[in-house]
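S.K.: I would like the atomic coordinates for the input below:
(2 chains)
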Protein chains: 2
Amino acid sequence: MPAHNAFYGQSGGVTPVINASAAGVIQTAQQYPEHINKVYAGQDGIIGALTENLIDTSLESASDIEALKYTPSGAFGSCRYKLKSLEEHRVEYERLIEVFKAHDIRYFFYNGGGDSQDTAYKVSQLSETMNYPITCIGVPKTIDNDLPFTDCSPGFASVAKYVAVSILEASMDVQSMCSTSTKVFVMEVMGRHAGWIAAASGLASDERELGPDVILFPEVEFDQQAFLDKVQTTVDRKGFCSVVVSEGVKKPDGLFLSDSGIKDAFGHAQLGGSAPVVVDIIKQNLDLKCHWAVCDYLQRAARHIGSKTDVEHAYALGKAAVEFAINGENAVMPTIVRTSNSPYKWEIGKAPLADVANVEEMMPNHYISEDGFFITDQCRTYLQPLIGGEDYPPYKNGLPAYVQLKKNKVTKVLGTDFTIK
Amino acid sequence: MPAHNAFYGQSGGVTPVINASAAGVIQTAQQYPEHINKVYAGQDGIIGALTENLIDTSLESASDIEALKYTPSGAFGSCRYKLKSLEEHRVEYERLIEVFKAHDIRYFFYNGGGDSQDTAYKVSQLSETMNYPITCIGVPKTIDNDLPFTDCSPGFASVAKYVAVSILEASMDVQSMCSTSTKVFVMEVMGRHAGWIAAASGLASDERELGPDVILFPEVEFDQQAFLDKVQTTVDRKGFCSVVVSEGVKKPDGLFLSDSGIKDAFGHAQLGGSAPVVVDIIKQNLDLKCHWAVCDYLQRAARHIGSKTDVEHAYALGKAAVEFAINGENAVMPTIVRTSNSPYKWEIGKAPLADVANVEEMMPNHYISEDGFFITDQCRTYLQPLIGGEDYPPYKNGLPAYVQLKKNKVTKVLGTDFTIK
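M.R.: Okay, here's the model as predicted:
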């Protein structure tokens, strides 16, 4: 059987370690020249396949591919784009096959979260639905940690480490100044639907109480009075209070906390951020000096403090995806299976894309404490190993020496444009 | 001459490396037992001296004192408190002498910025004004980098490294998603009066253009139309735009950009933050998706990505302060003197506290580019060596193993309370 080319795409919000998965795919594919010829990466994920914008990864140096292991963001560009169903948008599928045929692509590796695994699943069905022989393997990724079947999703653990380190450091800062300055610090983290990231901040809190004293989860309806009571009693007891608030916290009326309803002079809704809203609520009701931070993209780009465990997961999953394909699997996604908490041990598992696609894995209720403001010991046991180990990038002139690939494009052979809708 | 005790205090906003200066003072003092008996640290700086809340650093383990080199925040507590003049508040000075006498304190090391060096200067005058023999040495510190006579202020360089690393990472994130997602990212940094921290973010921008495309300095009056034009042309040219905005940027009317003038339902001013205001301005005028982050305390607590150069400065200045005192100096502050840019070389200098106190060193005009939106090459040459080198803390369970001292108090011998006004 002659070798064919492979397509690799990055999809959805990028992470500190998605490029480590890319390295896993590319370096492993190079070990199977009898099966895989070249790996073509899509410029901006599936959009690159549809528009015939393919990056020839074989033209990158081995050291640059190696450097992907410590480079955040999506090295080939990512996209927020979900394939519609075959019935709705048959022209997209026909276009994919046209591009795949033109570039002899018979392997499809798609690196993303729930929506992206749906795309991967749809592509995997091309063999059956449109009679094009393609081997399709999903590679999991999402900082939201909401993919099913896998113990965790690559990207989440590094964000978890970042938020835990950040709230530890900020809490120590506030502790040392609280006699004459700020009493309450509020840090906003990502997680519109699930509180995994907010929960991870709780890892900083041990008996020294230098992490969040209060965590506001999207899973728990915001109870203003209970929150204010908790803040005041915490300040009374220890002199200061650290709060971590998820961007997705909702009020009893079902609206996001950050949806203030306040309009500016032009009639536009005032920009939110849940942290400033929480601080506003504190200032209106308690006589306490506050400060607030919003992590936003900093948290999901912070490869400088990436989790070694996360990097290892991400690389292993990219590698496993290629090995699955070589072994004749199709329409599956490699997963992380935890076999031991302490010492932490894990191995690679496998889930069918049909089951993974579009399923959100929420945080279990028993991971949130009874009062709704903290994590349980069970949650800590789950989270603790994920932030284990440091994996620093090399530095040059005081800054991380992250790689930017050359991204040489494969010569287009189709004379046709394709417009993304 | 018998040995006497020393007082050490931390003052003003804390930094990632102020504790490294503390380690420099304490470890160096231990080398001169014939001059210095014990180092007593003030609980919350000068307030600890006034209220007789003294921490006996000799009761801390050597390894815990060593750990101060990599621990952020103020290990002994810091304060925002400025001594009034002798004429205005003689009772404070009398109290200081009472406490100093009671605990045989004849050395005074005060670790802080401009206001704190004013306090140090006033204490240094006690020998003359109130006939109490005290040797007083200032130890510089401030993330604002606004102390005169020293090439830089310890704390600034680590914050500089943090903001440069953060905007590099976030810019790479935005770059990889901009075809279908966010086009403009805005990051707010500290600096109410001077743009040093905002300027440092510019170090991330080289020919790869993965740092800020636009920097908004407090030194430059905000020109809304010029700013919007710059953002739009940047997005048109490269697909995305990164903006760093100082918290201290002012509008033509002299008000802070973050002072929106908008009141909430209770009549309270809406909380600002200059980043969300900048994003609001972009959204009102340009059709571009934006995201924003506010670094706040995260930037000045981020010892996990501290600058090695900064740590070395901070320790050396604490060490030099003690050596100055042993050598009979009084009312001076050790400084950093740069002797070479490349390779970067520096040595310890000396400035009289009388000249340092209350003088703000502003950023030179020629460090800001002609259009007001970026730094000049001269500025880069100045800043570059400061972020050089990494100095990672040890980790335990995935988090930095920062030390919390025992802080055993010296037994009070005065039967009197002193109320801080």
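S.K.: Could you tell me the end-to-end distance of stretch A:125-138?
M.R.: 13 Å (CA to CA, to the nearest Å).
S.K.: swap in stretch A:110-128?
M.R.: Span of stretch A:110-128 from end to end, CA to CA: 19 Å.
S.K.: Show me what counts as buried in the least confident helix or strand in chain A by mean pLDDT.
M.R.: The helix or strand of chain A with the poorest confidence is helix A:126-130; it has a mean of 84 (mean pLDDT, DSSP states H and E). The neighbour-count check on helix A:126-130 (16 or more other CB atoms under 10 Å in any protein chain shown) flags residue A:126 as buried. Yep, even glycine has a C-beta here, placed from its N, CA and C like the rest.
S.K.: Okay, buried residues for the helix or strand following it please.
M.R.: Next along the chain after helix A:126-130, taking DSSP states H and E as the criterion, comes strand A:135-140. Neighbour counts over strand A:135-140 (16+ other CB under 10 Å) mark A:135, A:136, A:137, A:138, A:139, A:140 as buried.
S.K.: circling back: what helices and strands are in contact with the least confident helix or strand of chain A?
M.R.: helix A:90-102 (3 or more CB pairs under 8 Å, 6 or more residues apart in numbering or on different chains; DSSP states H and E).
S.K.: Just the residues contacting the helix it packs on, thanks.
M.R.: A:7, A:49-50, A:52, A:54, A:83-84, A:86, A:105-106, A:108, A:122-123, A:126, A:129-130, A:132, A:134, A:413-414, A:416, A:418 (CB atoms under 8 Å, 6 or more residues apart in numbering or on different chains).
S.K.: one more time with 6 Å, if that's ok
M.R.: Helix A:90-102 is contacted from outside by A:49, A:50, A:52, A:83, A:86, A:132, A:413, A:414, A:418, using CB atoms under 6 Å, 6 or more residues apart in numbering or on different chains.
S.K.: and the fifth one, that's in a helix?
M.R.: Think residue A:86. No: counting by DSSP: H, G, I helix; E, B strand; the rest coil, residue A:86 is not part of a helix but coil.
S.K.: which residues does it contact?
M.R.: Neighbours of residue A:86 in contact, by CB under 6 Å, 6+ apart: A:93, A:129.
S.K.: give me phi/psi at it?
M.R.: Main-chain dihedrals, residue A:86, degrees, to the nearest 10: phi -60, psi -40.
S.K.: Residue A:307 is in contact with residue A:161, correct?
M.R.: Yes: in this structure residue A:161 lies within contact range of residue A:307 using CB atoms under 6 Å: 4.5 Å.
S.K.: who touches both of the two?
M.R.: residue A:387.
S.K.: how far away is the residue lying farthest from the centre of chain A from residue B:13?
M.R.: Within chain A, residue A:180 marks the point farthest from the mean C-alpha position, 39.0 Å out by CA atoms, centre = their mean. Going from residue A:180 to residue B:13 by CB to CB, to the nearest Å gives 11 Å.
S.K.: list residues touching both of those two?
M.R.: Residues touching both residue A:180 and residue B:13 by CB under 6 Å, 6+ apart: none at all.
S.K.: about what we covered before: just give me the closest of the contacts of helix A:90-102 to residue B:318.
M.R.: residue A:49 (58.9 Å; CB to CB).
S.K.: Relative to residue B:107, how far out is that closest one?
M.R.: 71 Å.
S.K.: Then residue A:101?
M.R.: From residue A:101 to residue B:107 the distance is 82 Å (CB to CB).
S.K.: which one of those two has more residues nearby?
M.R.: residue B:107 (27 against 13; other CB atoms under 10 Å in any protein chain shown).
S.K.: Is the more buried one in a helix, a strand, or coil?
M.R.: Classified using three-state DSSP, residue B:107 is strand.
S.K.: Model confidence for the closest residue to it other than its chain neighbours, exactly?
M.R.: Distance criterion CB to CB, 6 or more residues apart in numbering or on different chains; nearest residue to residue B:107, sequence neighbours excluded, is residue B:6 at 3.6 Å. Per-residue pLDDT puts residue B:6 at 98.
S.K.: Check residue A:265 too.
M.R.: 43.
S.K.: The one 5 residues further on now?
M.R.: For residue A:270, the model assigns a pLDDT of 47.
S.K.: ditto for residue A:115
M.R.: At residue A:115, pLDDT is 87.
S.K.: Determine the longest helix present in chain A.
M.R.: helix A:156-177 (DSSP state H).
S.K.: before we move on, back to that, does the residue nearest to residue B:107 lie in a helix or a strand, and which?
M.R.: Here residue B:6 is assigned to strand B:4-10, by DSSP H and E.
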